[in-house]
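Student: Whatever this is, show me its structure:
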Amino acid sequence: MGGDVSKGNRGKAWEAQLANANARYRKAGTAAVWKTEPARNAKGVYLSKAPPDFMGILNDGRAVCFDAKDIKGTRFPFAKLADHQARDLEAIWKHNGVAFVALRLGGVRWFVPWGRLRFLWWPWREGSGRQASVDAEWLERCAAQFERGDWLSGVEG
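Tutor: Alright, predicted model coming up:
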């Protein structure tokens with residue numbers, strides 16, 4: 001067994017950190033954000049694809065929507081973000097909401113604004129973009145680091 005953590009458990013631990021931050025934000029009155037779940041039938045079978053991991057509202061009235069991604073390597077591959085999740089992020093972004101990917105890449109936590117990532121993700125998805133991932137260098141220029149699950153520090157006014 002060793003100390004190796006499965007991909008699923010690593011992702012769940014990352015989501016738990018973000019959920020804890022969301023609970024702190026609710027208590028402080030700065031944001032009301034909850035973990036989303038896809039619809040299931042009585043037998044527990046999924047009826048739809050999963051929306052982005054978290055949705056809610058900031059205290060200034062803006063909607064917030066983000067997906068949590070925990071990647072062990074040094075690059076964030078665009079294929080890790082599903083089409084339906086990108087469409088949801090896009091919809092929130094187009095309505096002036098806060099849409100982003102809460103990325104933990106090699107242990108470093110990043111607030112990756114959809115408004116920046118979309119210019120690479122959509123061309124990649126449509127087959128016209130050459131870039132299929134982003135690395136720490138791109139993140140340094142276009143994203144914001146944050147501590148623990150404190151994603152709210154990445155939100156610009």
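Student: now this protein, which segments are flagged as low pLDDT?
Tutor: 1-10, 157 (pLDDT under 70).
Student: any chance you could map the strands in it?
Tutor: Along the chain, counting by DSSP state E, strands occupy 31-35, 54-58, 63-71, 75-77, 98-105, 108-113, 133-135, 144-145.
Student: possible to save these as a markdown table with distance to residue 24 and mean neighbour count?
Tutor: C-beta coordinates here come from the backbone N, C-alpha and C atoms, glycine included. As requested, the strands of the chain are exported to a markdown table (distance: least, Cβ to Cβ, whole Å; neighbours: other Cβ atoms under 10 Å):
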| stretch | distance to residue 24 | mean neighbour count |
| --- | --- | --- |
| strand 31-35 | 9 | 18 |
| strand 54-58 | 13 | 18 |
| strand 63-71 | 15 | 22 |
| strand 75-77 | 26 | 18 |
| strand 98-105 | 15 | 24 |
| strand 108-113 | 15 | 21 |
| strand 133-135 | 28 | 18 |
| strand 144-145 | 18 | 14 |
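Student: In JSON lines: those, plus distance to residue 14.
Tutor: Listed next are the strands of the chain as JSON lines, based on distance: least, Cβ to Cβ, whole Å:
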{"stretch": "strand 31-35", "distance to residue 14": "12"}
{"stretch": "strand 54-58", "distance to residue 14": "12"}
{"stretch": "strand 63-71", "distance to residue 14": "4"}
{"stretch": "strand 75-77", "distance to residue 14": "13"}
{"stretch": "strand 98-105", "distance to residue 14": "5"}
{"stretch": "strand 108-113", "distance to residue 14": "9"}
{"stretch": "strand 133-135", "distance to residue 14": "18"}
{"stretch": "strand 144-145", "distance to residue 14": "15"}
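Student: Neighbours of residue 141, how many?
Tutor: 9 (other Cβ atoms under 10 Å).
Student: same check, this time on residue 39
Tutor: Neighbourhood size, residue 39 [other Cβ under 10 Å]: 11.
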